[in-house]
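*Asks:* fold the following.
(one chain, ligands or ions: 1)
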Amino acid sequence: MDHTTKTDNINRHEFLRTLGFAGPALAAVYFGGHLQSCTNERVSPAPTNLTVDLDAPENSALKTNGGYVVKDGVVIAKSNAGSYIAATLTCSHEGKNEIMYQSDHFYCPAHGAKYDNTGKGLNSEGKKGIRVYTATLAGNILTITA
Ligand code: FES
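*Replies:* Modelled structure (predicted):
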């Protein structure tokens, strides 16, 4: 039996009690680390009038089917069918701001969630779907609205 560990646990418990932690507050101290790891990242705000110049060099990925750029928390892609589509950067699984576009679907590398071009979930991680936006092309300017 490891007496050192047991003694350390008792000492920690007693130490926390001397600081005034008891009941739910004491439990929060013990489980605080776990709760923090479950906290979602900040949810990307919906675009109000986001514009993308398709002629700008930084947006050259949007000239190719399957290409995408990320701007202001929005993933803007040229779909596999050649239409412009957009979705939030925030994954509905655990809130990571990591959504990208892969060939013909939105994808989150954190745990593998997949969403089709309309935002519908394609696997269990993506079952809640993802928020998609309207992309309107006028000349070379793409406008994204919620
Ligand atoms: S947060 Fe995106 S798959 Fe888990």
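*Asks:* quick one, longest strand in the protein?
*Replies:* When the chain is parsed with DSSP state E, its longest strand is strand 132-138.
*Asks:* for the next helix or strand after that strand, enumerate the helices and strands it packs against.
*Replies:* On the C-terminal side of strand 132-138, the closest following helix or strand by DSSP states H and E is strand 141-145. Packed against strand 141-145, as judged by 3 or more Cβ pairs under 8 Å, 6 or more residues apart in numbering; DSSP states H and E, are the following elements: strand 50-53, strand 74-78, strand 132-138. Every residue, glycine included, has its C-beta placed from N, CA and C.
*Asks:* can you list the residues of the chain near the ligand?
*Replies:* Residues of the chain lying close to the ligand by Cβ under 6 Å from any ligand atom are C91, H93, E94, K96, C108, A110, H111, G112, A113, E125.
*Asks:* hang on, isn't the third one packed against A110?
*Replies:* Same thing as E94. Yes. The pair E94 and A110 qualifies as a contact (Cβ atoms under 8 Å) at a distance of 6.7 Å.
*Asks:* and the helices in the protein, which stretches?
*Replies:* For the chain, applying DSSP state H gives helices covering 3-18, 23-37.
*Asks:* ok, and the helix or strand in this protein with the lowest average confidence?
*Replies:* When each helix and strand of the chain is scored by mean pLDDT, DSSP states H and E, helix 23-37 comes last, with a mean of 43.
*Asks:* so where's this structure shaky on pLDDT?
*Replies:* Counting by pLDDT under 70, the ranges of the chain that qualify are 1-41.
*Asks:* okay, now the domains of it?
*Replies:* Listed by automatic domain parsing, the domain ranges of the chain are 3-37, 50-145.
*Asks:* okay, these in TSV with mean neighbour count next?
*Replies:* Below are the domains of the chain laid out as TSV (neighbours: other Cβ atoms under 10 Å):
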stretch	mean neighbour count
domain 3-37	10
domain 50-145	17
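*Asks:* which one of those domains lies closest to S44?
*Replies:* Smallest distance to S44 across these (Cβ to Cβ): 2.9 Å, for domain 50-145.
*Asks:* hmm, N117 is touching V75, no?
*Replies:* No. Taking contacts as Cβ under 8 Å, N117 lies outside contact range of V75: 11.5 Å.
*Asks:* which neighbours do those two have in common?
*Replies:* Listed as contacting both N117 and V75 by Cβ atoms under 8 Å, 6 or more residues apart in numbering are F106.
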